[in-house]
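Novice: sequence-free structure coming up:
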């Protein structure tokens, strides 16, 4: 689940709320006493002559003071050290003091939402976080980011704090907002749609429909009758695309297409999924080739939408280009690893298929094969590379849905084990269930089919190199029924 953390703006005015980006997305022009500012994250409307200005980072503070801007509050510590006068400026600290900002402007909906996200993400205080979102909505009922965050957090909470709910005007007005879990998510998002309309808040309206779709999809993952949930998710994603178009919101458009493609493949609507995938890859390519984007911005976009790079692998496999598929999968993986380690590094090292084959050349390592896993937004595939093979062999596995459900179960059991929850009951612990969990993983990964493919060749394979992908890196794949003494 994504969190909508919105304290990233560098300079804000507390004379008005910075939620004026919604005003722009709604197609409203600035008034005579306002102007539009272009910045790295888009556009924002501010007063022409703001009288109460707050900066949130040292660089913006120094810039504002150098321009003789009359600051109300800022992180002033570094400015003092370099000799810039900060007399009369309230120091909010390098990590902005949210409570202090709220004293300056009690109806600051952006800060209330930021505080709620912090309480939820960092401290798991879900009910207190919901109370913060409700305070933001008390001042601005059409603030879509607060509704989105509220829904996500309601989904995490296991029960409503009635005392906090009693102090929330919106919860008092609509007691259904006190629901938690899956139903609590839906109620929050649908309540937000009452105030964020399609014509006035196209971005928020679309994102709320996408969030409803995500709630249905996640619920379907753990339900046996998943199709009824996923069909609802499909409907909501298509609703979101009405306003989140490739022209108005290209990146949000891609985000929804990614979710829609996933659910269509899960519903076995492969032709529809492939058509949306074609559209998504076209938009993704256009964004990457946009002339005004820097190299860093393009690489950031690739990292943000990694699923579409993985979809290219699916297309290559469907076309029978197995060598290109393996090389593309490896290049994508190495790109993301490089991005994580050093986002500024542009040169990516990635081997070709021929170079990979050198690892299993009989002259170097006798009778060696490589099992290469690839997880994309739709299928889970294995690429098996054998000695002297002119191309890898593709082995399909069980559905992505089964892997997602298994991962969710693993995480739940492991978290309970780590917290010591299961020690206080007679239920089996994560450690007790470990053999069964790993057996289930082997079934999902279709290990018998891999073993059969390895055995069906003239040369007896004596060594295996296992190359996991994404979540599979975290699990002991060597415990699967391979000949353990032959594993690398």
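Specialist: Arrived safely. The structure presented is a predicted model; accordingly, all values stated were derived computationally and were not measured. Residues are numbered from 1 along each chain as shown.

Novice: residues in contact with stretch 353-360?
Specialist: Around stretch 353-360, the neighbours that count as contacts under CB atoms under 8 Å, 6 or more residues apart in numbering are 323, 326-327, 330, 364-365, 368-370, 385-387, 389, 391-392, 465. C-betas here are computed from N, CA, C, even on glycine.

Novice: just the buried members of those?
Specialist: 323, 326-327, 330, 368-370, 385-387, 391-392, 465 (16 or more other CB atoms under 10 Å).

Novice: using a markdown table, lay out those together with pLDDT and distance to residue 275.
Specialist: Formatted as a markdown table, the buried ones among the contacts of stretch 353-360 follow (pLDDT from 0 to 100; distance: CB to CB, whole Å):
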| residue | pLDDT | distance to residue 275 |
| --- | --- | --- |
| 323 | 89 | 26 |
| 326 | 87 | 26 |
| 327 | 89 | 26 |
| 330 | 87 | 28 |
| 368 | 80 | 41 |
| 369 | 83 | 36 |
| 370 | 86 | 34 |
| 385 | 77 | 32 |
| 386 | 72 | 35 |
| 387 | 71 | 39 |
| 391 | 85 | 28 |
| 392 | 87 | 27 |
| 465 | 85 | 37 |
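
Novice: please enumerate the strands of this protein.
Specialist: Per DSSP state E, the chain carries strands over the ranges 11-13, 34-39, 42-47, 53-55, 71-74, 90-91, 368-375, 380-385, 393-396, 463-467.

Novice: please identify the deepest-packed of these.
Specialist: Of all the strands of the chain, strand 53-55 has the most neighbours on average by mean count of other CB atoms under 10 Å, namely a mean of 26.

Novice: quick one: residue 148 from residue 393, how far?
Specialist: 44 Å (CB to CB, to the nearest Å).

Novice: pull the number of nearby residues for residue 62.
Specialist: By other CB atoms under 10 Å, the residues close to residue 62 number 17.

Novice: distance of the nearest residue to residue 116 once chain neighbours are set aside from residue 276?
Specialist: In space, and not counting its chain neighbours, residue 116 is closest to residue 132: 3.4 Å by CB to CB, 6 or more residues apart in numbering. Separation of residue 132 from residue 276 (CB to CB): 37 Å.

Novice: same deal with residue 306?
Specialist: Using CB to CB, residue 306 is found at 18 Å from residue 276.

Novice: again, but for residue 307
Specialist: If you measure residue 307 against residue 276 using CB to CB, the figure is 12 Å.

Novice: for residue 75, same thing?
Specialist: Where residue 276 is concerned, residue 75 sits at a distance of 45 Å (CB to CB).

Novice: so these two - more neighbours on which side?
Specialist: residue 75 (23 against 20).

Novice: what pLDDT does the model give that one?
Specialist: You'll see residue 75 listed with a pLDDT of 82.

Novice: what's the burial count for the closest residue to residue 204 other than its chain neighbours?
Specialist: Of all residues not flanking residue 204 in the chain, residue 144 sits nearest, at 2.6 Å (CB to CB, 6+ apart). A count of nearby residues for residue 144, using other CB under 10 Å, gives 25.

Novice: and if you look at the one 3 residues further on?
Specialist: Residue neighbour count, defined by other CB under 10 Å, stands at 30 for residue 147.

Novice: got the contact list for it?
Specialist: Taking CB under 8 Å, 6+ apart as the contact definition, residue 147 lies against 133, 137, 188-189, 191-192, 195-196, 204, 208.

Novice: return the subset of those residues lying in helices.
Specialist: Counting by DSSP state H, these place 133, 137, 188-189, 191-192, 204, 208 in helices.

Novice: returning to that earlier point: and for residue 307 and residue 276, which residues touch both?
Specialist: Common neighbours of residue 307 and residue 276, counting by CB under 8 Å, 6+ apart, are absent.

Novice: follow-up on the earlier one: so which of the strands of the chain gets nearest residue 271?
Specialist: Closest approach to residue 271 among the strands of the chain is made by strand 393-396 (18.1 Å; CB to CB).

Novice: next one: the closest one to chain centre, how far?
Specialist: Offset of strand 393-396 from its chain centre (CA atoms, centre = their mean, to the nearest Å): 28 Å.

Novice: returning to that earlier point: looking at the buried ones among the contacts of stretch 353-360, spot the one nearest residue 174.
Specialist: Nearest to residue 174 among the buried ones among the contacts of stretch 353-360, counting by CB to CB, is residue 330 at 51.5 Å.
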